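Can you look at this prediction? I've put the sequence above it.
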Amino acid sequence: MACSSSGTGAQTDDLGIGRRGFVQDHGLDSSERREAVEHAATRIRELGLRTVRMVVVDQHGIPRAKFLSASAAEAALARGLNFSSAIYQMDTGNTVFTGGFAQDADPDLPEMTGFPDVVAVPDPATFRVLPWADRTGWMLCDTYFPSGLPNPLCGRGVFRRQLDALARDGLRYVAGLEVEFMVVRRDAQRIALDDLGHPPPLPQVSATAHGYQFLSETRLDSAHAVLGPLRDALWEVGLPPRTMEDEWGPGQFEFTFSPMEGLAAADAMVVFRSTVKQVCARHGLLASFMSTPHLPHSFPSGWHLHSSLVTRESDNAFADEHRVPSQEGLHYIAGQLQHADALTAFATPTTNGYGRYRPYSFAPWRLGWSVDNRGAAIRVVGGPGDTGTHIENRLGEPCANPYLYMAADLAAGRDGMARRLLPPPAETSDPYAGEDRLLPRTLAQAVTALEKSEFYRAEFGDRFVSSYVKMRRCEIARRQEAIQAAGADGAGTAGAKAAAENWEMREYFEFF
């Protein structure tokens, strides 16, 4: 029987893929989607692809995948693909935080008792060909329960619902990515932080003495062996870097990208991190988006989220001829600050990321906003009459789930606009001065704020928030167990600190 909903004519019933008619039966089809399906299927055939990676992004923002044959991929476009729900029930160490197999052990998500399959539905608009993998295509998926109901834990779905709510107000979301990360060489005995061609720094000599200059042309040129392949791979997957820069630490870089609209901006972050990690691995390198690696002379990495809203008339809602930002921009900032404690649980979702929040570190320390001051949590970039005026959220770490970070940021801003909230006065002197309005100091504090947030429960759903809180608390508890074990061995404070750092390196450095 031919697959009529895909428009490809592919024979799908004998492949054992997904569920017959799933996309069409549950109202997931459209003329736009059918056109994208036809384009993807044509490309798969014309290029003779032998593998298509179907990617589901979990709550951590990590791409989980199945590699399908070309014919199986075409079938999945119409029927979906069975995918284990276990990925939604694990923390960063693959520790199961739900009830698992027991009947109704998790009252928040009874559909996931026993780790059944969800149905992953490929989004053909995300189809790409991977230049570094032989005859291989790539597509992102959304997940649904077999009943056709959206999976409430699917971050892509969470963000899409926020975008839909914004569209009902006549606005579109635009975001630009500014992301820092680290690249190190693999070593059989240890991870050598050698700055891509320079000898590893000696412990007794400072990083400055070894020439880790910020924005150094010479230093960037010395990294050509990796920056060139990264540039080319990103260009070929449709994500050309706008800028590539060297940062403070050895092996630390920052890439930025031109503004993208809506879901495409979050999808781009997934593509970017996957490309960087996979291309680096093929060159014997390890790329990590862990925020604060516990390595000699390293510096914390951040993810600064630049965003604006566009009206039906294609005007920038944050731009104003006479002030910066516009009145709508002020309301948006007020919403971000109003919900910042809970928002931080999505912007900085690891225990490690809170080491980045330090005074005079170019990372935020207190809750406040400014016009073009990089010490503030929220920074306005632009000026009166500047049509490019936008708001930069500087809370994020590079391993944040992009769908949840952007959804949380947008939801907070929308609330500020809806309620016509006004922020406190902008910081005009030192944004680090004072001990009031401090950011959460730990993931535990941010998670507690999220748990108590009626706002995010209303926006994201009780089931999502409860599951997310359980997951993060499982992760926090395992870190604490490692610290307590070190203390029980008589290691003292120094030993406990070392145990926490060792746990974070094992947990996050390669995972992210």
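Alright, I've got the coordinates.

mind listing what Glu507 touches?
Thr92, Gly93, Thr350, Asn352, Glu475, Arg479 (CB atoms under 8 Å, 6 or more residues apart in numbering). C-beta here means a position set from N, CA and C on the backbone, and glycine is covered the same way.

again, only this time at 7 Å
Counting by CB atoms under 7 Å, 6 or more residues apart in numbering, Glu507 touches Thr92, Gly93.

Equivalent analysis for the one 5 residues further on, please.
For Phe512, the set of contacting residues under the criterion of CB under 7 Å, 6+ apart consists of Ser288, Phe289, Met290, Cys399.

Out of those residues, which comes closest to Pro116?
Among the contacts of Phe512, Cys399 lies closest to Pro116 (CB to CB), at 28.3 Å.

okay, now the closest one: neighbour count?
26 (other CB atoms under 10 Å).

isn't Arg128 right next to Trp138, touching?
Yes. With contact defined as CB atoms under 7 Å, Arg128 reaches Trp138; the gap is 4.7 Å.

Looking at those two, which one has more neighbours?
A count of neighbours by other CB under 10 Å puts Trp138 above the other of Arg128 and Trp138, at 23 against 20.

Against Glu504, how distant is Gly93?
As for Gly93, its distance to Glu504 is 11 Å (criterion: CB to CB, to the nearest Å).

before we move on, the earlier item: any chance of the contacts of Phe512 in a markdown table, with pLDDT and secondary structure too?
Output for the contacts of Phe512, formatted as a markdown table (pLDDT from 0 to 100; DSSP: H, G, I helix; E, B strand; the rest coil):
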| residue | pLDDT | secondary structure |
| --- | --- | --- |
| Ser288 | 94 | strand |
| Phe289 | 96 | coil |
| Met290 | 95 | coil |
| Cys399 | 94 | coil |
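
Flag the shaky bits of the stretch 201-350 of the chain, pLDDT-wise.
Counting by pLDDT under 70, the stretch 201-350 of the chain shows low-confidence ranges at 201-213.

cutoff 90 now
Judged by pLDDT under 90, the stretch 201-350 of the chain has its weakly predicted residues at 201-226, 245-251, 284-285, 294-299.

Gly93 and Glu504: who's more crowded?
Glu504 (23 against 14).

Can you tell me, leaving aside adjacent residues, what's nearest to the more buried one?
Among residues not flanking Glu504 along the chain, Asn352 sits closest, at 4.5 Å (CB to CB, 6 or more residues apart in numbering).

Please work out how many residues are found near that neighbour.
28.

Quickly note the distance from it to Tyr405.
To Tyr405, Asn352 is 16 Å away according to CB to CB.

Give me the buried stretch members for the helix or strand Lys470 falls within, please.
Element membership for Lys470 (DSSP states H and E) is helix 462-488. Within helix 462-488, the residues scored as buried using 16 or more other CB atoms under 10 Å are 463-476, 478-479, 482-483, 486.

next structured bit after that helix?
Next along from helix 462-488, by DSSP H and E: helix 492-504.

how far is that next one from where the chain is centred?
In this view, helix 492-504 has its centroid 27 Å away from the chain centroid, taken as CA atoms, centre = their mean, to the nearest Å.

helices or strands up against it?
In terms of contacts (3 or more CB pairs under 7 Å, 6 or more residues apart in numbering; DSSP states H and E), helix 492-504 is packed against helix 462-488.

Quick one: distance of the helix it packs on to the chain centre.
20 Å.

I'd like to know which elements it is packed against.
Looks like helix 462-488 contacts helix 443-451, helix 492-504 (3+ CB pairs under 7 Å, 6+ apart).

would you list these in CSV and tack on distance to Thr387 and mean pLDDT?
Below are those laid out as CSV (distance: least, CB to CB, whole Å; pLDDT from 0 to 100):
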stretch, distance to Thr387, mean pLDDT
helix 443-451, 35, 96
helix 492-504, 42, 81
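
Can you lay out those as CSV showing distance to Arg358?
Output for the helices and strands packed on helix 462-488, formatted as CSV (distance: least, CB to CB, whole Å):
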stretch, distance to Arg358
helix 443-451, 16
helix 492-504, 16
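
Quick check: which of those is buried the most?
For the helices and strands packed on helix 462-488, the largest average neighbour count (mean count of other CB atoms under 10 Å) is found in helix 443-451, namely a mean of 20.

Let me know the angle separating that helix from helix 462-488.
If you take axes from the mean of the first three to the mean of the last three CA atoms, to 10 degrees, helix 443-451 sits at 160 degrees to helix 462-488.

Tell me the first helix or strand C-terminal of helix 443-451.
Criterion used, DSSP H and E; the element after helix 443-451 is helix 454-460.

just the strands in the stretch 101-250 of the chain please.
117-122, 128-129, 136-144, 171-185, 243-246 (DSSP state E, counting those that start in this stretch).

Please identify the most buried of those.
strand 117-122 comes out most buried of these by mean count of other CB under 10 Å, with a mean of 25.

ok, back up a step: any idea of the angle the helix holding Lys470 forms with helix 492-504?
Relative orientation of helix 462-488 versus helix 492-504 (the same axes, to 10 degrees): 140 degrees.

mean confidence for helix 462-488?
Averaging pLDDT along helix 462-488 yields 88.

The closest residue in space to Arg437 that isn't next to it in sequence: how many residues sit nearby?
The spatially closest residue to Arg437, leaving aside those adjacent along the chain, is Leu367, at 4.2 Å (CB to CB, 6+ apart). When neighbours are counted by other CB under 10 Å, Leu367 registers 23.

One more: Gly27?
8.

Compute the distance between it and Glu247, please.
Distance, Gly27 to Glu247, by CB to CB: 46 Å.

again, but for Lys452
36 Å.

Of the two, which one has the most company?
Ranked by neighbour count (other CB under 10 Å), Lys452 and Glu247 place Glu247 first, with 20 against 14.

who's in contact with the more buried one?
Counting by CB under 7 Å, 6+ apart, Glu247 touches Glu180, Phe214, Phe253, Glu254, Phe299.

what are the phi and psi angles of the nearest residue to Tyr468 once chain neighbours are set aside?
Among residues not flanking Tyr468 along the chain, Gln59 sits closest, at 6.4 Å (CB to CB, 6+ apart). Backbone torsions for Gln59, taken as degrees, to the nearest 10, come to phi -70, psi -20.

And Gln59, what's its pLDDT?
pLDDT, Gln59: 92.

residues contacting the residue nearest to Arg437?
Leu367 is in contact with Leu337, Ala340, Ala377, Arg437, Leu439, counting by CB under 7 Å, 6+ apart.

just the buried members of these?
Of these, these count as buried by 16+ other CB under 10 Å: Leu337, Ala340, Ala377, Leu439.

Make sure the last one is actually in contact with Leu343.
No. With contact defined as CB under 7 Å, Leu439 does not count as touching Leu343 (10.3 Å).
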